[in-house]
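> Sequence first, then the predicted structure, then my questions.
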Amino acid sequence: MSLETLDSGQEHIASAISDEVVIELSKVNKWYGEFHVLKDIDLTVYKGERIVICGPSGSGKSTLIRCINRLEEHQQGDILVNGVTMDTNLKNIDAIRRDVGMVFQSFNLFPHLTVLENCTLAPIWVRNTPKAEADRLAMQLLERVKIPEQAAKYPGQLSGGQQQRVAIARSLAMNPNIMLFDEPTSALDPEMISEVLDVMVGLAESGMTMLVVTHEMGFAKRVADRVIFMDQGEIVEQNTPGEFFNNPKSDRTKLFLSQILAH
Amino acid sequence: MSLETLDSGQEHIASAISDEVVIELSKVNKWYGEFHVLKDIDLTVYKGERIVICGPSGSGKSTLIRCINRLEEHQQGDILVNGVTMDTNLKNIDAIRRDVGMVFQSFNLFPHLTVLENCTLAPIWVRNTPKAEADRLAMQLLERVKIPEQAAKYPGQLSGGQQQRVAIARSLAMNPNIMLFDEPTSALDPEMISEVLDVMVGLAESGMTMLVVTHEMGFAKRVADRVIFMDQGEIVEQNTPGEFFNNPKSDRTKLFLSQILAH
Amino acid sequence: MAVLEKGSPRRQSRSIIEWLNDERVRSVLYQAIVAIAVIAVARYLFVNTSENLQARGMSSGFDFLSGTAGFSIAWTVLPYEAGDSYFRVYLVGIVNTLIVSLVAIVFATLLGFIMGIMRLSKNWLISKIAAWYVEILRNTPLLLQILFWFLAVFSLLPPPRGSFGLLDMFFLNNRGFYMPAPVPGAGFDYTMIAILLAIAATYAVAVWAKKRQMATGQQFHTFWVGLGILFGLPILVFLATGSPLSFDFAALKGFNFQGGVSVPPAFCALLLALMIYHSAFMAEAVRAGILSVSHGQTEAAYSLGLRPGMTLRLVIIPQAMRAVVPPMISNWMNVVKNSSLAIAIGYPDLVAVYMQTSLNQSGHAIEIVAMVMLFYMSVSLTISMALNYYNKLVQLKER
Amino acid sequence: QQSTLDIVKSRGHLRCQLGTPAPGWYMLSDSGQWSGFDYENCRAVSAAIFGDPDKIEVQSVTSAVRFTAMANGESDMLSRTTTWTLFRDTQLGLDFTTVDFYDGQGFMVLKDAGVNSALELKGATVCVATGTTTELNLADYSRTNGLDIKPVVFEDSNVRDNTFFTGGCDAITNDKSSLASTRAKAPDTTIFKILPETISKEPLGPVVRQNDSQWKDLVMWSLFAMIAAEEYGVSSANIDKVIAETTNPEIKRMFGVEGDLNKGLGVDPKWAYNIIKMVGNYGENYEEFMGEKTVMNIPRDGSPNALWTKGGLLYSPPFR
Amino acid sequence: MAETTQDDVVFRPKPSLPPPPNTVGVVGWLRKNLFGGPFDSLLTIVGVSLIAYVAYSLYQYGIANAVWEADTYRECLDVTKGNGACWAGVSTWMNGYMYGRYPDVEQWRVNLAGVVLAVWLAPFWFPKIKAKILVGMSAVLTFPFLAAHLFLGGEAGLFLQVMVAVAMTLFATVWLNVGASYLGYPSLRVALLRLSGFENKGDHLHKYVLLGAFGVGFVIAFAYQSTWELAAVPTQNWGGLFLTLVISGIGISSALPSGIILALGRRSKMPVIRVFCTAFIELFRSVPLITILFMAVTMMPLFLPVEINPDKLVLVIVAVCIFAAAYMAEIVRGGLQAINKGQYEAAQAMGLNYWKMMTLIIMPQALKVMIPNIVGNFIGLLKDTTLVSIIGLYDILLMAKASGQDGKWLGMHTEPFLFTAAVFFVVCFCMSKYSQHLERTIGGGYGRR
Ligand SMILES: Nc1ncnc2c1ncn2[C@@H]1O[C@H](COP(=O)(O)OP(=O)(O)OP(=O)(O)O)[C@@H](O)[C@H]1O
Ligand SMILES: Nc1ncnc2c1ncn2[C@@H]1O[C@H](COP(=O)(O)OP(=O)(O)OP(=O)(O)O)[C@@H](O)[C@H]1O
Ligand SMILES: [Mg+2]
Ligand SMILES: [Mg+2]
């Protein structure tokens, strides 16, 4: 988790935050059985904003972003995504999921489909894109993540870094306006981490709204508009990276930062 | 693969090579089906000599040392180990294996036996050593590889570096006069590599005849009496480490060295 | 240890001990011993058998196959009369075995899928019911289950006079299940042609729909349209040509229903028992297969916006099949083998008519048992060949 | 080759093959005891050889394997409802001894089916047991009379009978004696009718292995002894008295009081005495297992199973 | 930046609140598991009615209308009119269903053998006991002889007597070992040495002490067993559940060694051996057990010389063993395939020969992987042994049939079948649960971190 992971320069990438709200969580509560995992979460994300979420293991980071595309169901409070309320209405859920892409720690590529088919599956079946069109788009995206030559291979034949890049391309193929990342680099070997972070930096440069759960503090410093620190199901502190790293407010944050930067 | 891996000083360890031949390969040829994997290999190893074998992947390094204790059968040429001819005679094979220890890349410890039992199995069943005696010897060896306190654990409970050290102790328990190492550190995390190399250096200091397949060039420089470079089933070049690294003869060797030291 | 000269002790004459220590010699020796032992045992058995046959005045050879069997068989698919030969009995038995096994395989597979999916249902009650279904069926002997279906269900159906009837066309009673038999009239050929055309057309529509989707992205309700064509076209032609098909309805005459097509209760009971027993095993295969696809796959599909149905069809099932099919196919094999228990309730399968009745009548034990084994082995070989082929087909590409 | 008698003697007991339990013929009680009409034959032979009717190891096997179990020497004799046919006598390595029960195959139907003759069974479904001559007879009968009968074949007689009771067959066919036992199992025994036709001859009797005539003689004459005893009025109850009082030289020869008829058989002179004393004569056995007081309830008078003196077919050659 | 300063906001986690009431507790559970949606609710209602109907019918037949005491089946019928069960017959015949025709006065021998086996294997479940493999091996290898002698009775040959004595000695050894462990000795071996005072004398003397102790035990056992006078009970009289367990027990325990040999043969590098083993396995796996049984009873006698007429039970057991071995071979092969090649190579490189490698390294690992499958196989075999009733062996199923032919209970067949089914279900279900438990506990491996 060294700050040197990104070899290119360290200056912060300019952001283009509009004042359009794309995600709004208010008083969101969630329980697993008796266990209170999200406590009164309030969070507003503006269009084009890039948010990094960090916090100790088990603090509810994954749960939080998984609530945003309804991989988990929250029990209290409201979640609005792109103005659509997250409730039990299947139409709403579909609409939200179409606009929100997600990248998982363990890639979750479909092993029975080629890389290209992985990227065209959703456009063809959800967006009714013609195949030729979908293929073209997918190839563009694969070029963007720098692996166009792997299009015909199966996921099992790729290295971890390549697989994660395919996963990003696959999400982008649905042309989402929000991307969620859940520890996208933590299953990777050190050499491969930078490959994937490079792609994510590129994405940030293009103005995508991003929520990233990660412990890559170099990435956070360089890309994030806001860093959110969670513990025990709460948002303890949120701030710009500069303030967050240099001037943390809460004692909990300080403790966490001292641990994570000790490596 | 950096030369800094060994923290202790870099001066070459004095060797005590006698002129007694312990391994002699002459015109050894081997095929896998149609594929000619070893081509006319000639190699003489003297008692106490320490040889490092390197070369690109698939060049036949593993195959070569596996022929020396008959894990693979060669088809042409003669192999003599400690004066015993390697042929189809089971007695000879047994005799050779008793004198030759081997350490594998993936440790291959026996997961159903404790560390101590791993080390005493062969002495008890092959050398008919009494159990008490075997236990005593094994504990000595575990001390030598610096993990006597792990004797009662199962391999699954140890880290990779510890496991590899157990594997070395296990081989030594048969009191071999030749040790073969097949990439003993390449399955290890960087921090653990030096643990294992330290043990191997210690072994070298004690005068053991060693054949080591490795890409740890620091180790080669410090320990080897001779470095052998293989490619496409042939021995391309062999020389003292000084000459080999500073003054390689063959183009192929030069290319290889440039790649491996580029990291 | 002296310095050795190259290749010194290689070619010296070797003692017997040394010779015996040679890996290759030993290998040949072991194999020779085994081969000799096997041959000796085979010869011993053969000699004994021929002596025994002679001593007991029993004949051997396959001549009996052309002899008259003399007994009749309750229900056959192939035409058969008591005057037919033993060889005919063999064939009749094979066909009877295959018919009941095939039908059982089809239904057991369907039911297995339903039960396997039920067991994974989020509804606690449903998944528990499925779990107990599997446990109860897997843990009681099939033989008992066959007897149960036969005695406690099919034997308790009403007699022909009180049959359960449906539309006066289908009847179920303790003599079996009766259906109308179609009797094609003049001009029915056209309907047949229409059926073939409809199949071709459905296929064409499917291909076209796929193409269109690929080209324009539009999805098409192939299934419903196909269904329409498949049934609509033949019915139209059928009506247009003046309905040239009559049915031979089963009707109560004398003791029983006459006419129509019928299957005996033993068939129904055996079918049901095999189907239900094996569906339990198949349910397990299905469950394991689906569970073998990690939950991450579902989540990934959902987060791409795929709906549950599509996720199942495009992502989960293709991957699950890889794990489901091999145990499923060996289960099919077991259905065929277990159909031999038909003997307990009098369904005339191969073992019942051939290994039981024919063997009893003719006394040709060796020939008959060998022929029966031959049949089962060919089935098994065919199935395992199919399995290997499938495994090759679906192997995941790895690095 | 050793004779069976020697083997049996040296073994110390008789291996007698019965069928799986069937009422009247061979029945197993909950305490594990065998009894039955056919079982008495075994007891008779045992009594003749050992002077003890219970030195028997019962082998009870399904009909499918009965002949192999005989032919391979597993059983010494087979005493189960086995019909004597030319094929079986000549091609299975077996010898039939004599007939102890004249049976014939018949049909049984429900009374309210309104059937009075087997010839009315056109198109009927008929329950039958597997692997027996019954199956062949039915096929023959159906073919000869153009009845187009559908047989439903069962391995297990309970299953078969139950199928018939619940209406799974229009009729059941079997040896008439067994029809009686089937009827006895029904919840209501009064609703059945046995049709008058007898479609086959079913002579039943013990079977031994071929080519051992001494053994065959012993088994056969043990049976004859029981038949003859009845003919002479000798029963287990009165045998001692009869022997003491009789003047009939045949009886004296038979029971070993005079002569040495036992010599050829290779058994004790009192062999026949033991049989009658310990097992009883034919009539006694019939009464006990087949008679009107039993579940079988098969009347003897006027049937072929009456003594020849009473118009039946049971006839023993002379003991001379 | 790590040090905490005065003006820090101190983080106090918000208290965890209880979840909203409609998501937990009974209501939450019902909502989540039974009435998750309209379709789910419908399924639940259908399911409940189905269960209710089945339960009601079973209750009516099995309890409400059932007759528990009667002397004949006809008495039952008079009461039930066929609408209820006649458990009276089943209870009268219970002894028969359990032991077949095994004489009543001798049945203690069967029970004794069962108890001995249970006690023998009990240390398996004692956490303190080491060398569980040895406990299992000693039971599998020698218990059959003890059991055979107990079951058969009569004159035992010298070999059988010796084996019986060995079995008894080993049994005692197992339990003395348990005793020694709980008295605080590391093992029986050490206990013996300590008690005899030989512990500190030369190592080479130890084995004489141990052998001596075993010898004394053996002599005592031999002397004791030669005083037994057990009446002979021929196999024809064996039956019921007892016979079922004998057949499947022998089948499974012999299947393991022969399955291992076949599997090794099938993986052998020697073509002749490989071909024979493969052919054997495939032949017997591809045909139904019933045909093998038929073959055993109809054809084996033809294959053997006239003088040998093997017991029918022996033939059947041989057939079952062959069948089970073929299946077991495939399980073993699966287990062997799960062991990676490195283990073989490491063993060879250490100089172990083929058999030592197999017994010390490969098999212990493979067996562990195989246990759940072995239990599964045992369940299958146990169920399949019902087929021996078709060829006339008086197992529990044929006894059930026979009880319906008994003069008194003529016509009773449903009840015995139901009873048999229940017995099988209970036995198989327990084993299947046990194997699932094993699968869960074993799977992980050896003390993973
Ligand atoms: N399905 C579940 N059922 C019950 N508890 C769960 C479930 N999933 C997660 N939890 C618990 O919820 C808490 C938060 O989990 P979450 O995965 O959101 O943490 P996280 O912050 O992402 O941690 P990590 O950095 O380890 O991924 C953890 O304590 C976890 O044990
Ligand atoms: N069992 C085998 N059958 C066929 N080919 C083999 C087999 N084992 C190895 N080979 C081939 O022989 C060649 C030499 O293999 P070897 O393992 O000796 O290479 P190596 O130099 O040790 O490579 P690496 O550095 O990757 O371990 C390779 O091309 C390999 O593909
Ligand atoms: Mg997480
Ligand atoms: Mg290698």
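Received, thanks. Ligands and ions are numbered 1, 2, ... in the order given.
> What segments of the stretch 1-150 of chain D are helices?
Secondary structure of the stretch 1-150 of chain D (DSSP state H, counting those that start in this stretch): helices located at D:4-11, D:37-50, D:66-71, D:86-91, D:133-145.
> Would you single out the least confident of these?
Lowest mean pLDDT of those: helix D:66-71, a mean of 78.
> which ones are touching the residue in chain E that chain D sits nearest to?
Scanning chain E for the residue nearest chain D gives E:P301, at 3.1 Å (criterion: Cβ to the nearest Cβ). Any C-beta I mention is one placed from the backbone N, CA and C, and that applies to glycine too. By Cβ atoms under 8 Å, 6 or more residues apart in numbering or on different chains, the contact list for E:P301 reads C:N52, D:T68, D:A69, D:A71, D:N72, D:G73, D:E74, E:N309, E:P310, E:L315.
> how about the biggest helix by length in chain A: buried residues?
Longest helix in chain A by number of residues (criterion: DSSP state H): helix A:190-205. By 16 or more other Cβ atoms under 10 Å in any protein chain shown, the buried positions in helix A:190-205 come out as A:M192, A:I193, A:S194, A:E195, A:V196, A:L197, A:D198, A:V199, A:M200, A:V201, A:L203, A:A204.
> Likewise for stretch A:175-189?
For stretch A:175-189, a neighbour-count test (16+ other Cβ under 10 Å) marks A:P176, A:N177, A:I178, A:M179, A:L180, A:F181, A:D182, A:E183, A:P184, A:T185, A:L188 as buried.
> wait, what's in contact with D:Y273?
D:I239, D:I243, D:F255, D:G256.
> How about E:M370?
E:I331, E:V332, E:G334, E:G335.
> Identify the farthest-apart pair in the buried residues of helix A:190-205.
Greatest spacing in the buried residues of helix A:190-205, by Cβ to Cβ: A:M192 and A:A204 (19.0 Å).
> circling back: for the contacts of D:Y273, which single residue is the most surrounded?
Neighbour counts for those (other Cβ atoms under 10 Å in any protein chain shown) peak at D:F255, which has 27 neighbours.
> and A:M230, how many neighbours does it have?
24.
> Sorry, wrong one. I was asking about C:S292.
The burial count for C:S292: 12, using other Cβ under 10 Å.
> and E:L302, what does it touch?
Counting by Cβ under 8 Å, 6+ apart, E:L302 has contacts C:N48, C:T49, C:N52, C:L53, C:A365, C:I366, D:T68, D:N72.
> isn't there a strand covering it?
No. Under DSSP: H, G, I helix; E, B strand; the rest coil, E:L302 falls outside any strand and is assigned helix.
> got a pLDDT number for it?
79.
> How about C:F249?
pLDDT at C:F249 comes out at 68.
> one step back: from the contacts of E:L302, which is closest to chain E?
D:N72 (3.1 Å).
> All the helices of the stretch 51-200 of chain C, residue numbers only.
C:86-119, C:124-138, C:142-148, C:188-216.
> I'd like to know which of those helices lies nearest to C:Q319.
helix C:86-119 (14.9 Å).
> hmm, the helix ranked longest in chain D touching chain E?
Ranked by number of residues, the top helix in chain D under DSSP H is helix D:213-231. No. Judged by Cβ under 8 Å from any Cβ of the partner chain, helix D:213-231 and chain E are separated, with a smallest distance of 15.3 Å.
> Kindly report the same for stretch C:26-36.
Yes. Applying Cβ under 8 Å from any Cβ, one finds stretch C:26-36 in contact with chain E at C:S27, C:Y30, C:Q31, C:A32, C:V34, C:A35.
> okay if I get those as a markdown table plus pLDDT?
Output for the residues of stretch C:26-36 next to chain E, formatted as a markdown table (pLDDT from 0 to 100):
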| residue | pLDDT |
| --- | --- |
| C:S27 | 85 |
| C:Y30 | 88 |
| C:Q31 | 88 |
| C:A32 | 91 |
| C:V34 | 89 |
| C:A35 | 91 |
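> Count the residues that sit near D:E57.
Residues lying near D:E57 (other Cβ under 10 Å) number 18.
> now do A:D87
12.
> helix/strand/coil for A:Q238?
strand.
> give me the low-pLDDT residue ranges for the stretch 51-200 of chain A?
Counting by pLDDT under 70, the stretch 51-200 of chain A shows low-confidence ranges at A:189-191.
> which stretches of the stretch 151-300 of chain E have low pLDDT?
In the stretch 151-300 of chain E, residues with pLDDT under 70: E:199, E:201-203.
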